[in-house]
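**Student:** Can you look at this prediction? I've put the sequence above it.
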Amino acid sequence: MINSEQMLAKDLRQMLADKAELVRQNGGFADGLDEIGGLLARYNPAPSPILNAIDQKGQDFATYFFAAYSDTRDLDKSILVYKAVKLLVRYILLMDRYYEVGNKKYERIARGLLQTIKRSHNGHLKYSVDFAIKQFWPFWNFEQLIKKRMIKGHVFTVNELRHFNLFKSSDAPIIYARILDSELYNFNPNIATILHYNQALLDIQDDFEDIEEDVHDIMPNIFILASTEHVPFAKILKNPSQARKLTAGNGALDAILSIVEQYNKLVTGIQVPQNFAFLKHLTRDYTNKLLDTLNVIPK
């Protein structure tokens, strides 16, 4: 006999399939993926408050689900991809938090998640996920290096800002795209490249929203780094209540706007199979959202 939870799961699966098909046929990708993300969160809720908090930081779960659905029309495979990416995002964010605050609990939970991924997948992902994570691992050391330079009063150039942002977002092409590569026949490296730029744009949006938190934690943030040309970090640190005004209310925005526009232009010239063309629409949507956000801030 089917219980209420099983009925809900069945209903949500049908709603996911219907919504994914509607978005595939009619577009409206950014809004459509937001709705799909909400359905996925209900279908696969976090099992603990810690993971629920981590999931709120995750950005792009629905994109990977929809990439799989667009290419295969296979709901089960799309959910499998989504769950795998979600576990890996949780791993990265937990390890990121561990390196920020040093709480071993985050590391312990993260390593448990990694074992779950290995047990639940076959194919090359089973043995390649460790290698992928090791490729991204240097970022945390790099982040600490940037933090030390920021505290010492280094003035960061546009090229340094871009490098920091692209390195920070490299978990998308190095780790999460590996799931698509493992599961989808039509995947190719150009898709991973667009996923990288899209993640970089989302990370800029996140950095804007997290300015105060990152000043409090003394962690690198592209807006904080960009502002060093105009305002010493020591001044920002001494005036946390003015952090947003000091970091986002000066000429620092020009450097970030140039990076955003460059990413959008680069993606325009990248060719991908038609089933993945929606990723380029997302690039434009993410770019426009950032431009709208940043252009209304007094410089």
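**Tutor:** Noted; the coordinates are in hand.

**Student:** Check which element follows the lengthiest helix in the chain along the chain.
**Tutor:** Secondary structure assigned by DSSP state H gives helix 75-101 as the longest helix of the chain. Scanning forward in sequence from helix 75-101 by DSSP states H and E, the next helix or strand is helix 104-120.

**Student:** what's the next secondary structure element after the worst-scoring helix or strand of the chain on mean pLDDT?
**Tutor:** Every helix and strand in the chain was compared by mean pLDDT, DSSP states H and E; the lowest is helix 125-136, with a mean of 79. With elements assigned by DSSP H and E, the helix or strand that comes after helix 125-136 is helix 138-151.

**Student:** List of residues touching that following helix?
**Tutor:** Helix 138-151 is contacted from outside by 95-96, 99, 156, 164, 167-168, 170-171, 218-220, 224-225, 228, 233, using CB atoms under 8 Å, 6 or more residues apart in numbering. Glycine gets a C-beta too; all of them are placed from N, C-alpha and C.

**Student:** cool, stretch 19-28 as well?
**Tutor:** 29, 32-33, 35-36, 39, 65-66, 69-70, 75, 78, 278, 281.

**Student:** Equivalent analysis for stretch 70-84, please.
**Tutor:** 13, 16-17, 20, 24, 40, 43-44, 61-62, 64-69, 117, 120-121, 125, 179-180, 183-187, 273, 275-276, 278.

**Student:** buried subset of those residues?
**Tutor:** Among those, the ones that count as buried by 16 or more other CB atoms under 10 Å are 16, 20, 24, 40, 43-44, 61-62, 64-69, 117, 121, 125, 179-180, 183-184, 187, 275-276, 278.

**Student:** So which of those are in helices?
**Tutor:** In this view, the buried ones among the contacts of stretch 70-84 that belong to helices under DSSP H are 16, 20, 24, 40, 43, 61-62, 64-69, 117, 125, 179-180, 183, 278.

**Student:** from memory A62 sits against G37, does it?
**Tutor:** Yes: contact criterion CB atoms under 8 Å: A62 and G37 qualify, at 3.8 Å.

**Student:** Now list whatever residues contact both of the two.
**Tutor:** Contacts common to A62 and G37, judged by CB under 8 Å, 6+ apart, are absent.

**Student:** rewinding a little: check which helices and strands the least confident helix or strand of the chain sits against.
**Tutor:** Here helix 125-136 is seen to pack against helix 75-101, helix 104-120, helix 177-183 when contacts are counted using 3 or more CB pairs under 8 Å, 6 or more residues apart in numbering; DSSP states H and E.

**Student:** can you do 10 Å?
**Tutor:** Applying 3 or more CB pairs under 10 Å, 6 or more residues apart in numbering; DSSP states H and E, one finds that helix 125-136 contacts helix 75-101, helix 104-120, helix 171, helix 177-183.

**Student:** Let me see the residues that make contact with the shortest one.
**Tutor:** Just to be clear, that refers to helix 171. 88-89, 91-93, 96, 132-133, 135-136, 139, 177, 196, 199, 203 (CB atoms under 10 Å, 6 or more residues apart in numbering).

**Student:** and if we set it to 7 Å?
**Tutor:** Residues from elsewhere that reach helix 171 (CB atoms under 7 Å, 6 or more residues apart in numbering): I92, F136.

**Student:** pLDDT (mean, whole number) over it?
**Tutor:** Summarised as a single mean, pLDDT over helix 171 is 93.

**Student:** Same question for the second one.
**Tutor:** In this model, helix 104-120 has a mean pLDDT of 85.

**Student:** Can you tell me what sits against it?
**Tutor:** So helix 104-120 is contacted by I50, A84, L87, L88, R90, Y91, L94, M95, R97, Y98, K126, V129 (CB under 7 Å, 6+ apart).
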